[in-house]
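Just need the structure, nothing else, for what follows:
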Amino acid sequence: MDLTKISKSVHRTAKARGKYDQKRDTSSLIMDVVTELAEAARADRQLKYARIEEFVKRCHSRVDNKEYKAAYQELLKNTFEAEIADTIITLLSICCELNIDVQMYFDIVKKHNEILAHD
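This next block holds a predicted model:
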């Protein structure tokens, strides 16, 4: 799994949805991440958690987009887990927008943290 490749993929999707139609400053982009985390916190406070087993059961075989969207709306939308995933997707998309090789930085910071853990 290469985070930089994933960031490019999710960024293409975000652009196709109009997310980056206008140039935005970095602080504004970061606030998108904060907003997603706030939505995750709200879902947690409201005890809204994914019904993933039901979702997988309904969508395990090929379903059309309409069925998939309906299952998502009913079982995953606005849940803690979905908002955490949205946060990660948003953050990865921002990395692509800002030309950050997120995999490289991830590996460097991970190694640094491992070194610190053993000091």
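
CA only for contacts and neighbour counts going forward, please
Fine.

which non-adjacent residue is nearest the residue nearest to the spatial centre of the chain?
Most central in the chain under C-alpha atoms, centre = their mean is I89, positioned 2.5 Å from the mean C-alpha point. Distance criterion C-alpha to C-alpha, 6 or more residues apart in numbering; nearest residue to I89, sequence neighbours excluded, is V10 at 6.5 Å.

how deep is that neighbour tucked in, by neighbour count?
A count of nearby residues for V10, using other C-alpha atoms under 10 Å, gives 19.

Pull the contacting residues for it.
89, 92-93 (C-alpha atoms under 8 Å, 6 or more residues apart in numbering).

Reformat those residues as TSV; add pLDDT.
Formatted as TSV, those follow (pLDDT from 0 to 100):
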residue	pLDDT
I89	97
L92	98
S93	97
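
which one of those sits closest to L29?
S93 (9.7 Å; C-alpha to C-alpha).

that older thread, as PDB, could you dump the C-alpha coordinates of the strand or helix carrying the residue nearest to the centre of the chain?
I89 is part of helix 80-97, with elements assigned from DSSP states H and E. C-alpha atoms of helix 80-97 as PDB (Å, rounded to 0.1, in the frame of the first residue of the first chain):
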ATOM      1  CA  PHE A  80     -18.000   7.400  13.600                       C
ATOM      2  CA  GLU A  81     -16.100   5.000  11.400                       C
ATOM      3  CA  ALA A  82     -17.200   6.600   8.100                       C
ATOM      4  CA  GLU A  83     -16.200  10.100   9.400                       C
ATOM      5  CA  ILE A  84     -12.800   8.800  10.400                       C
ATOM      6  CA  ALA A  85     -12.400   7.400   6.900                       C
ATOM      7  CA  ASP A  86     -13.600  10.700   5.500                       C
ATOM      8  CA  THR A  87     -10.900  12.400   7.600                       C
ATOM      9  CA  ILE A  88      -8.200  10.200   6.200                       C
ATOM     10  CA  ILE A  89      -9.400  10.600   2.600                       C
ATOM     11  CA  THR A  90      -9.500  14.400   3.100                       C
ATOM     12  CA  LEU A  91      -6.000  14.500   4.500                       C
ATOM     13  CA  LEU A  92      -4.600  12.300   1.700                       C
ATOM     14  CA  SER A  93      -6.300  14.400  -0.900                       C
ATOM     15  CA  ILE A  94      -4.800  17.500   0.600                       C
ATOM     16  CA  CYS A  95      -1.300  15.900   0.500                       C
ATOM     17  CA  CYS A  96      -1.800  15.400  -3.200                       C
ATOM     18  CA  GLU A  97      -3.100  19.000  -3.700                       C
END
